[in-house]
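Q: Any chance you can model this:
(2 chains)
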Number of protein chains: 2
Amino acid sequence: MLQIWAFDGIPEIVAGDDLVAVIASAAGGSLADGDILVVTSKIVSKAEGRFVAATDREDAITAETVRVVATRVSTSGHATRIVENRLGIIAAAAGVDASNTPEGTVLLLPRDPDASARALAAGLRTATGLELGVIISDTLGRAWREGQTDTAIGAAGIRVFEDLRGGTDAEGRPLVVTMPCVADELAAAADLVKGKTGQTPVAVVRGRSDLVGSLDLPGARSIVRARENDMFHTGAAESYADGYARGRADQAAADANGGGAEH
Amino acid sequence: MLQIWAFDGIPEIVAGDDLVAVIASAAGGSLADGDILVVTSKIVSKAEGRFVAATDREDAITAETVRVVATRVSTSGHATRIVENRLGIIAAAAGVDASNTPEGTVLLLPRDPDASARALAAGLRTATGLELGVIISDTLGRAWREGQTDTAIGAAGIRVFEDLRGGTDAEGRPLVVTMPCVADELAAAADLVKGKTGQTPVAVVRGRSDLVGSLDLPGARSIVRARENDMFHTGAAESYADGYARGRADQAAADANGGGAEH
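A: Okay, the predicted model is just below:
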């Protein structure tokens, strides 16, 4: 049995707040060994003071961007930029967030979500005496599917993958390719109890203590697929355009050198 | 509070089994109004007799494929085909499943997972007298992120999106782009209580009865992004190659017509 609930009583977070103290206070005595806390990245960013002026939103997105992955301009003229940000995460607007932020501001993602998760997990373990796991979640769109799901952008004290690759199925055959991303599944599950209005940014998942372990386990950065292994590292239209330009240039060079390959 | 648990006592499913009877029997009197059942697609396929001989696996993948989205051959020579299948779902091997199937067979996805979900939901509502939702889940890889998560490939009696687009955040500003795919989040949450060995293919989620409603609500097909709206409808290498070929052809034609555009 898995139980998931959100904490009431998390106040509005401002820059400099001690999230360990805030969460420990909201938890009261309700936590147990092996519980996993799923913390919305927004409050981590707020505690870290990651606000920038809303008028600088486009500049902020540019600053957070390592690489533009795809761009689409809608019929209304609104441009959507899907980019790889400095965390390696591919997200619309680089993860820069304009909802539930003080008027006139937007919010950047935490500086280093895995480090933030480690600090939270270490602090909460000390404060409670319990072995807890921490996930920092963000709401992300996906290729191929409409809508968004919450995913893990930071993690500590928890295995982010349930690695079954060495296991066997019920027929005794090896499970060769199965590596469930339990950190993303936990983030998604927690979103089901969090209000989108931002009032309940911390949820607890109880019942998978088998996933909780050392603070030195790999973080959520290990979920990000390396670009060279990613068959969808660049948008289809952008890749086509790159190929087209190179094809024209190569053919022009070939033609200039004596009539071209196709003649 | 969300509670999620898997049913014990689901027997090995064979072609022709009545899943309504099997699930109602495993549930006993444990269900309540508003519960959501998350059923692994594998047992739906088995009940529908969707077995093919393992020696025909590559042919089966081809038959299920509408369009090859991306192909990669590993250094060991193993080819991964990411394809759009007849359900519009983009998946490795078209969703053809070779684990937890009888020796010498592989398993196709259900013929029409939304129809299967509707039949299950209608039958279970009649059998129990309760308003239940049904999701049929499958394990899918993703662009950009390692590992797999369970997602909804069929749904009935449940809202698959929690549409917040008309809502406001805590500051009263409109939540313009947020449309959480709760069906995928429910499928992911349910996977956290299902063993990957295939012994517990049905989970119950209790605590989101607000999502449960008419059997006529849109199914999981509505989660699939239309190809023309999908910026990642084709792999980057494949799109580049298409663009390259067209660029060479266009330049060759231009050069043949008097020296070309670039001269």
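Q: how about the helices in the stretch 101-250 of chain A?
A: Taking DSSP state H, counting those that start in this stretch as the criterion, the stretch 101-250 of chain A carries its helices at A:113-128, A:182-191, A:236-256.
Q: so of those helices, which one's packed in deepest?
A: helix A:182-191 (a mean of 29; mean count of other CB atoms under 10 Å in any protein chain shown). Backbone N, C-alpha and C define where each C-beta goes, glycine included.
Q: Please name every helix or strand in contact with that one.
A: Identification of packing neighbours for helix A:182-191 by 3 or more CB pairs under 8 Å, 6 or more residues apart in numbering or on different chains; DSSP states H and E yields strand A:2-6, strand A:36-40, strand A:133-141, strand A:148-156, strand A:202-206, strand B:148-156, helix B:182-191.
Q: Let's see that with 7 Å instead.
A: In terms of contacts (3 or more CB pairs under 7 Å, 6 or more residues apart in numbering or on different chains; DSSP states H and E), helix A:182-191 is packed against strand A:36-40, strand A:133-141, strand A:148-156, strand A:202-206, helix B:182-191.
Q: So which of these is nearest A:Asp250?
A: Nearest of these to A:Asp250, taken as CB to CB: strand A:133-141 at 35.0 Å.
Q: Distance check, the residue most central in space within chain A against chain B.
A: What sits nearest the mean C-alpha location of chain A, by CA atoms, centre = their mean, is A:Ile153, with 3.2 Å. To chain B, A:Ile153 is 11 Å away according to CB to the nearest CB, to the nearest Å.
Q: Ok, which of the helices and strands packed on helix A:182-191 comes nearest B:Arg159?
A: Going by CB to CB, the one of those nearest B:Arg159 is helix B:182-191, 6.9 Å.
Q: now what about the closest one, what contacts it?
A: By CB atoms under 7 Å, 6 or more residues apart in numbering or on different chains, the residues outside helix B:182-191 that reach it are A:149, A:180, A:184-185, A:188-189, A:191-192, B:4, B:36, B:38, B:135, B:137, B:149-152, B:155, B:158-162, B:203, B:205, B:211, B:220, B:223.
Q: Next: stretch A:101-121.
A: A:19-20, A:39, A:41-42, A:44-46, A:48, A:50-54, A:57, A:60, A:64, A:87, A:95-98, A:132-136, A:138, A:153-157, A:215, A:219-221, B:171.
Q: Give the ChimeraX command for selecting the buried subset of these.
A: Only the buried entries of those go into this ChimeraX selection, using 16 or more other CB atoms under 10 Å in any protein chain shown:
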select /A:19,20,39,41,42,44,45,46,48,50,51,52,57,60,64,87,95,96,97,98,132,133,134,135,136,138,153,154,155,156,157,215,219,220,221
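Q: quick one: contacts for the residue in the stretch 101-250 of chain A that chain B sits nearest to?
A: Nearest residue of the stretch 101-250 of chain A to chain B: A:Gly247, at 2.5 Å (CB to the nearest CB). Residues counted as contacts of A:Gly247 (CB under 7 Å, 6+ apart) are B:243-248, B:251.
Q: Report pLDDT for A:Ala79.
A: We have a pLDDT of 80 for A:Ala79.
Q: low pLDDT regions in chain A?
A: A:165-166, A:169, A:171, A:173-177, A:196-198, A:259-263 (pLDDT under 70).
Q: at 50 what do you get?
A: A:260-263 (pLDDT under 50).
Q: State the distance from the residue of the stretch 101-250 of chain A closest to chain B to A:His233.
A: As defined by CB to CB, to the nearest Å, A:Gly247 lies at a distance of 20 Å from A:His233.
Q: same check, this time on A:Thr55
A: From A:Thr55 to A:His233 the distance is 32 Å (CB to CB).
Q: More neighbours: those two, which one.
A: A:His233 (21 against 11; other CB atoms under 10 Å in any protein chain shown).
Q: show me the contacts for the more buried one.
A: A:227, B:236.
Q: burial measure for A:Ile43, as a count.
A: Neighbours of A:Ile43 (other CB under 10 Å): 24.
Q: how about it, secondary structure?
A: helix (DSSP: H, G, I helix; E, B strand; the rest coil).
Q: So it sits against A:Pro201, correct?
A: Yes: look at A:Ile43 against A:Pro201 with CB atoms under 7 Å: they come within range, at 4.6 Å.
Q: need the contact list for the closest residue to A:Asp210 other than its chain neighbours.
A: Nearest residue to A:Asp210 in three dimensions, chain neighbours excluded: A:Gly34, at 7.8 Å (CB to CB, 6 or more residues apart in numbering or on different chains). Going by CB under 7 Å, 6+ apart, A:Gly34 touches A:131, A:209, A:212.
Q: Any chance of JSON lines for these, columns distance to chain B?
A: Shown next, in JSON lines, are the contacts of A:Gly34 (distance: CB to the nearest CB, whole Å):
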{"residue": "A:Glu131", "distance to chain B": "18"}
{"residue": "A:Ser209", "distance to chain B": "12"}
{"residue": "A:Val212", "distance to chain B": "13"}
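Q: Looking at neighbours, which among those is most surrounded?
A: Busiest of those [other CB under 10 Å] is A:Val212, holding 20 neighbours.
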